[in-house]
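Asks: build the 3D model from these lines:
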Amino acid sequence: MPSTPVKSTRGATRTASDGVVEHLEHLIFDGEFHPGDSLPSESELAASLQVSRLTVREGVRSLAARGLVEVSHGRRPVVTAPNASQLRDFFSSTVRRDASGLLELLEVRLAIEVHAAELAARNATGPQVDSLYAALQAMASSDDDAAFTAADLRFHHAITEASGNRMISLLVEGMVDPLKTGRLLSLRGYLQGTPDLDALIAEHRAIVDRIAAHDPKGAARAMRSHLATTRRDLVRGLSG
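Replies: Okay, here's the model as predicted:
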């Protein structure tokens, strides 16, 4: 690996450890190292960056705390697959402290999922559309709230996957636990107003039909309408 000394670009408060972190981030995010790859050894990094091994160790620990690498005793750090564990912890703890956070989370969903539906209408492959219809069928044939909610989660996750945007997928993955809680509550609120799920399933069908038709504006409009219904039902479920 070529010698790349750590240089300060952020002013006097930037530490040598910051430089190590920045260098390793470049290696990971620019694709030089992929999930499952081992990083260079402490001694190799220290020599190439012209810092101490202790400084390298501090930088690696910082990356490990963020879930970018996995550190095991006696082994080189290993690059991990992208995950949303820290986001998941944040969203889950926020909702546990205050259930009204579910309404804030719904606003986040509105910002993300409307656009995801629009992207999915542009980018979805045939198999991805098939997965959406399969999740819709699972919703229609579910025999209890838990099964319906699980299929509902699969449906919305499949839309983010079909969007082709990895960052959207990671954001939604980070919300998965409170999303499950919110969907159960909104389902309860929906059922307070009507005894069957036909209208709710029809809303989902409208979304996937527009995605299958490669109609971005129609898909976005259908998702926005569905999330408006979800908000109404969630408010009802929270107050019930």
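
Asks: tell me what the helix or strand of the chain with the lowest mean pLDDT is packed against?
Replies: Least confident element among the helices and strands of the chain, by mean pLDDT, DSSP states H and E: helix 85-97 (a mean of 72). Applying 3 or more CB pairs under 8 Å, 6 or more residues apart in numbering; DSSP states H and E, we find helix 85-97 packed against helix 101-123, helix 166-174, helix 176-193. In this view, the C-beta of every residue, glycine as well, is placed from N, C-alpha and C.

Asks: can you pull out the helices in the chain?
Replies: Secondary structure of the chain by DSSP state H: the helices cover 16-29, 42-49, 53-65, 85-97, 101-123, 126-141, 145-163, 166-174, 176-193, 198-212, 216-239.

Asks: lowest-confidence stretch among those?
Replies: Of all the helices of the chain, mean pLDDT reaches its minimum on helix 85-97 (a mean of 72).

Asks: give the buried residues for that one.
Replies: 87-88, 91-92, 95 (16 or more other CB atoms under 10 Å).

Asks: what of stretch 159-167?
Replies: By 16+ other CB under 10 Å, the buried positions in stretch 159-167 come out as 159-165.

Asks: relative to Gly218, which of these is nearest.
Replies: Relative to Gly218, the closest of these is Ile159; by CB to CB it sits at 13.8 Å.

Asks: the closest one reaches Arg210, doesn't it?
Replies: No. Look at Ile159 against Arg210 with CB atoms under 8 Å: they stay out of range, at 11.0 Å.

Asks: so what sits against both of those two?
Replies: Ala117 (CB atoms under 8 Å, 6 or more residues apart in numbering).

Asks: right, and Arg61 touches Val71 too?
Replies: Yes. Counting by CB under 8 Å, Val71 is a contact partner of Arg61 at 7.3 Å.

Asks: so what's the nearest residue to Leu110 once chain neighbours are set aside up against?
Replies: With sequence-adjacent residues excluded and distances taken as CB to CB, 6 or more residues apart in numbering, Leu110 is closest to Leu227, at 5.2 Å. Contact analysis of Leu227 by CB under 8 Å, 6+ apart lists 106, 109-110, 113-114.

Asks: the residues you listed into a markdown table, with extra columns for distance to Met175 and neighbour count?
Replies: Formatted as a markdown table, these follow (distance: CB to CB, whole Å; neighbours: other CB atoms under 10 Å):
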| residue | distance to Met175 | neighbour count |
| --- | --- | --- |
| Leu106 | 10 | 20 |
| Arg109 | 8 | 21 |
| Leu110 | 12 | 16 |
| Glu113 | 10 | 25 |
| Val114 | 15 | 19 |
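
Asks: hmm, which two among these are most spread apart?
Replies: Leu106 and Val114 (11.8 Å).
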